[in-house]
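Novice: The sequence and its predicted three-dimensional model are supplied below.
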There are 2 protein chains.
Amino acid sequence: MQRAAALVRRGCCSRTLGPWGRGRSQSSAAAEASAVLKVRPERSRRERILTLESMNPQVKAVEYAVRGPIVLKAGEIELELQRGIKKPFTEVIRANIGDAHAMGQQPITFLRQVMALCTYPNLLDSPSFPEDAKKRARRILQACGGNSLGSYSASQGVNCIREDVAAYITRRDGGVPADPDNIYLTTGASDGISTILKILVSGGGKSRTGVMIPIPQYPLYSAVISELDAIQVNYYLDEDNCWALNVNELRRALRQAKEHCNPKVLCIINPGNPTGQVQSRKCIEDVIHFAWEEKLFLLADEVYQDNVYSPDCKFHSFKKVLYEMGPEYSSNVELASFHSTSKGYMGECGYRGGYMEVINLHPEIKGQLVKLLSVRLCPPVSGQAAMDIVVNPPVPGEESFEQFSREKESVLGNLAKKAKLTEDLFNQVPGIHCNPLQGAMYAFPRIFIPTKAMEAAQAHKMAPDMFYCMKLLEETGICVVPGSGFGQREGTYHFRMTILPPVEKLKTVLQKVKDFHIKFLEKYA
Amino acid sequence: MQRAAALVRRGCCSRTLGPWGRGRSQSSAAAEASAVLKVRPERSRRERILTLESMNPQVKAVEYAVRGPIVLKAGEIELELQRGIKKPFTEVIRANIGDAHAMGQQPITFLRQVMALCTYPNLLDSPSFPEDAKKRARRILQACGGNSLGSYSASQGVNCIREDVAAYITRRDGGVPADPDNIYLTTGASDGISTILKILVSGGGKSRTGVMIPIPQYPLYSAVISELDAIQVNYYLDEDNCWALNVNELRRALRQAKEHCNPKVLCIINPGNPTGQVQSRKCIEDVIHFAWEEKLFLLADEVYQDNVYSPDCKFHSFKKVLYEMGPEYSSNVELASFHSTSKGYMGECGYRGGYMEVINLHPEIKGQLVKLLSVRLCPPVSGQAAMDIVVNPPVPGEESFEQFSREKESVLGNLAKKAKLTEDLFNQVPGIHCNPLQGAMYAFPRIFIPTKAMEAAQAHKMAPDMFYCMKLLEETGICVVPGSGFGQREGTYHFRMTILPPVEKLKTVLQKVKDFHIKFLEKYA
């Protein structure tokens, strides 16, 4: 150290820089560094401060399969295709994530018109924008500091947008009241879910907070639980019964969990991700009663509330059912429910818009929550504006109503078609079973994996379904996520695939999966 | 419990809903609930699951003064003004936060044009947008999935935007290379800072990670340290020496910290927030050498890099100085530096755009970092696009160059004027001393508080500077943040005030502070 320090003092600072170009990859940097190392050993690389050994072990334990190893592999294959390397396919199809616009879905015109007007208010004078869009843009801008999307909003979100969200919830729930004070705008639903969990987790050893999550789950939950060093408490959805949630299973999970932690939170995803089931009203009542009885804080992830396809199913919000169960519930059960701009018919993932409604929160905790949110200043104001348009769309009589309705119904109608198509085709394949896609945006079929394939997977140090999905990717270019990334009953295997590709493309994808699966069964028979 | 359950079973679910209207406040809900309580004791409020006692104690310990009690009070006063309650002023001036547009600063036209084009690509056919704006919008959209801002981006950010950031850094640093692989787009700088800290913190007891931060600091740091249950290690800036950073003080702080924790991280804010100093090149070299010697991971908060006003000062990036110190440093010191769309001349806080450049990160940690980011999917794509325009502005010869330069220089020229004006005026007031505002957006004057005022503060259970700021707010409507929210040497008192109001308004504000201060001294003499 002394020596290098002396070098600096002698003016080593003014040395000529090497010929390192822009855009150089890290691996070439490493190669160059090690070349330097051979010549001048005193300039050796020192040990890093931040290593796998020294890093936050809770972050190390995080897993997030939706963007995990299979997606990294997909990226590599795309680069190979670009470099002209021959493959049995010409493109990678990223069916791993619910990213509607990336799959070709067009943005809702009205939403983007309002957003453009808010972004560049000079356009408010342009005759090419409809009056109803201008009206909404003016309203949003008037509620922003300096009439600009570029100002920070209140940490809880722009006031008038929270009012619009509350009005939307009241309409959605047939008149059950919603209070703008209980609405918090968020950076996508993920942000809301992790914020609420962050405030809930406490205790050490056997009194560490346990968080009940469905298996299969959306892996944001397990990741945040790991980050917070909370205890993940699994309850299994009933695959044989269309992934229904059974309260007896909740009871079993809770009983076992109480032996080693303090279960305080119950998370529900409805409509289900990755499982696609839509919960019945009866089931929601039972869950709420269970939470009430067992003193659990309820988290209802309802980001797919607009994505219900099965004619026998209807979305019931936890909030509405809770109120309809009477005041013993409606004034006691603590419930946070989440929505987002990313799903539904709008699919505006990139704006990171979302909200949560939190009811029966202790007033002192409300203050704590706002304080915690204020550290990050505010959610993106553009995302807040996008959320506003989702909850406050054109109404009959307004100029944009007809086009908006046509666009919305086209997206949702297509999704319903694709849900049916996917279910039907998967169920024609021997060794694949797919529950009805009642809602959300994914199929989560169960796949039979022959013993020989399991042995091959083991030889590659992969979970059997990861092995299956890697083979599928390598042979067809289709990127799906192995069920092990969501959790599944031991000995069962699945994958999650979005149904977002356009109908004709989805048909091709499904046919390719079918062909692959049959060949896979033959190969490892 | 049994009884209420039975009520539900008997069909209590279908009861008629009360007349609760939309937008009802929480307090009225509470009043109604307690009214119900008197009539039907069996429907009493049960104890909440989430209370101050049961909540995450680390979150409870978080403080964030910039949006703390004084700002809540400001909100109350605004409501009172709206209700027609007479005050000695007609409006609240929120000088507590660096929120440029809220203070009347106009957005940079070019930035908003590109954003509008990205938002609503139909405008690409409009003759009223300049070609250079269209060119940038096309380039951003081509890099987005489905050519839409509504798609998720890669977790690290849109590739071509990371390339533009790297090219910007290379230009800024006179050719010192930047690798797009080392750039991570973030949700404002706050998100980057907390992500890096989250990955760095580990250990228990005496090996818990210590994080060195300047005092005074920007309270994001103390808040995140508290959330992560890390150990805050204070080093004091030298107020008598224009808030300079002295390496001997770093050494003292480190030595003492090693007795009770494992100091692993050194945070620097340059230009300083709240202190406004701009560090000399020599100082930065010394700090880097100290970090190298003591094996500290460096965090350089450089969000005010465009905000340097003093003609004797120049912004030097830590990255550039590090490289110029030679390979022993440039290939060894782990450094994360942060930038944002929120400050500078653009002041686009609401978009929550930002980036961090992280160099010398262990390759395995890079993977861990991307994994951690992927759990939140991606930063807002609109914020990423805004960041792109900041790092890739119009160049000479382009259609928008002249207007862009005029707007940029107007903002920065005005800020420089206001910095001088503020410093000069504060230093004319007896009992106020203000160091030169070399950069950033704030004055952080030291205020003399008489003994009698301190006693009055104690009687109100307030810190003396909180008492001072509350009085200032109540008597003038000017909202500033007490120094205790940023940290200050014991027995000294300060407040932070932005210099963002337009010149004429700023003059009035300063005059009012002066008058208030003189009266305050007289009252408590």
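Specialist: Cool, the structure landed.
Novice: For the rest of this, base every contact and every neighbour count on C-alpha atoms.
Specialist: Noted.
Novice: Okay, and the nearest residue to residue A:116 once chain neighbours are set aside sits in which element?
Specialist: Excluding its sequence neighbours, the residue lying closest to residue A:116 (C-alpha to C-alpha, 6 or more residues apart in numbering or on different chains) is residue B:116, at 4.9 Å. For residue B:116, the element it lies in under DSSP states H and E is helix B:109-119.
Novice: Which other helices and strands does that helix contact?
Specialist: helix A:109-119, helix B:131-142, helix B:381-391 (3 or more C-alpha pairs under 8 Å, 6 or more residues apart in numbering or on different chains; DSSP states H and E).
Novice: follow-up on the earlier one: quick check: the residue nearest to residue A:116 vs residue B:133, distance?
Specialist: 10 Å (C-alpha to C-alpha, to the nearest Å).
Novice: quick one: common contacting residues for the two?
Specialist: Common neighbours of residue B:116 and residue B:133, using C-alpha atoms under 8 Å, 6 or more residues apart in numbering or on different chains, do not exist here.
Novice: mind giving me the domain ranges of chain A?
Specialist: Split into domains by automatic domain parsing, chain A comes to A:65-103+A:404-523, A:114-146, A:152-391.
Novice: will you turn the ones you listed into CSV that also has distance to residue B:347?
Specialist: Output for the domains of chain A, formatted as CSV (distance: least, C-alpha to C-alpha, whole Å):
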stretch, distance to residue B:347
domain A:65-103+A:404-523, 29
domain A:114-146, 12
domain A:152-391, 10
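Novice: Among those, which comes closest to residue B:366?
Specialist: domain A:65-103+A:404-523 (13.3 Å; C-alpha to C-alpha).
Novice: Just give me the longest helix of chain A.
Specialist: If you go by DSSP state H, chain A has its longest helix at helix A:401-428.
Novice: picking up where we left off before, what separation do you get for the residue nearest to residue A:116 and residue A:407?
Specialist: Counting by C-alpha to C-alpha, the gap from residue B:116 to residue A:407 is 21 Å.
Novice: how many neighbours does residue A:207 have?
Specialist: Neighbours of residue A:207 under the rule other C-alpha atoms under 10 Å in any protein chain shown: 15.
Novice: cool, residue A:420 as well?
Specialist: Residue A:420 has 16 nearby residues by other C-alpha under 10 Å.
Novice: One more: residue A:490?
Specialist: 7.
Novice: Please identify the most buried of the helices and strands packed on helix B:109-119.
Specialist: Counting by mean count of other C-alpha atoms under 10 Å in any protein chain shown, helix B:381-391 has the highest mean neighbour count of these, with a mean of 26.
Novice: Can you give the distance from that one to the centre of its chain?
Specialist: Going by C-alpha atoms, centre = their mean, to the nearest Å, the spacing between the C-alpha centre of helix B:381-391 and its chain's C-alpha centre is 18 Å.
Novice: Could you see whether chain A lies near it?
Specialist: Yes - Helix B:381-391 reaches chain A (C-alpha under 8 Å from any C-alpha of the partner chain) through B:381-383.
Novice: Closest to chain A out of those?
Specialist: Of all the residues of helix B:381-391 next to chain A, chain A sits closest to residue B:381, with 5.0 Å by C-alpha to the nearest C-alpha.
Novice: Please, where are all the strands along chain A?
Specialist: Along chain A, counting by DSSP state E, strands occupy A:93-94, A:183-187, A:209-215, A:231-236, A:262-269, A:297-301, A:335-340, A:353-359, A:432-433, A:442-443, A:446-447, A:478-479, A:481-482, A:495-498.
Novice: Could you save those as JSON lines and add columns showing distance to chain B and mean pLDDT?
Specialist: Listed next are the strands of chain A as JSON lines, based on distance: least, C-alpha to the nearest C-alpha, whole Å; pLDDT from 0 to 100:
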{"stretch": "strand A:93-94", "distance to chain B": "11", "mean pLDDT": "92"}
{"stretch": "strand A:183-187", "distance to chain B": "8", "mean pLDDT": "97"}
{"stretch": "strand A:209-215", "distance to chain B": "10", "mean pLDDT": "97"}
{"stretch": "strand A:231-236", "distance to chain B": "14", "mean pLDDT": "97"}
{"stretch": "strand A:262-269", "distance to chain B": "7", "mean pLDDT": "98"}
{"stretch": "strand A:297-301", "distance to chain B": "7", "mean pLDDT": "98"}
{"stretch": "strand A:335-340", "distance to chain B": "11", "mean pLDDT": "98"}
{"stretch": "strand A:353-359", "distance to chain B": "9", "mean pLDDT": "97"}
{"stretch": "strand A:432-433", "distance to chain B": "29", "mean pLDDT": "96"}
{"stretch": "strand A:442-443", "distance to chain B": "17", "mean pLDDT": "96"}
{"stretch": "strand A:446-447", "distance to chain B": "25", "mean pLDDT": "96"}
{"stretch": "strand A:478-479", "distance to chain B": "15", "mean pLDDT": "96"}
{"stretch": "strand A:481-482", "distance to chain B": "15", "mean pLDDT": "94"}
{"stretch": "strand A:495-498", "distance to chain B": "14", "mean pLDDT": "96"}
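Novice: now these as JSON lines including mean neighbour count?
Specialist: Shown next, in JSON lines, are the strands of chain A (neighbours: other C-alpha atoms under 10 Å in any protein chain shown):
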{"stretch": "strand A:93-94", "mean neighbour count": "21"}
{"stretch": "strand A:183-187", "mean neighbour count": "28"}
{"stretch": "strand A:209-215", "mean neighbour count": "26"}
{"stretch": "strand A:231-236", "mean neighbour count": "22"}
{"stretch": "strand A:262-269", "mean neighbour count": "24"}
{"stretch": "strand A:297-301", "mean neighbour count": "25"}
{"stretch": "strand A:335-340", "mean neighbour count": "26"}
{"stretch": "strand A:353-359", "mean neighbour count": "26"}
{"stretch": "strand A:432-433", "mean neighbour count": "19"}
{"stretch": "strand A:442-443", "mean neighbour count": "26"}
{"stretch": "strand A:446-447", "mean neighbour count": "22"}
{"stretch": "strand A:478-479", "mean neighbour count": "25"}
{"stretch": "strand A:481-482", "mean neighbour count": "28"}
{"stretch": "strand A:495-498", "mean neighbour count": "25"}
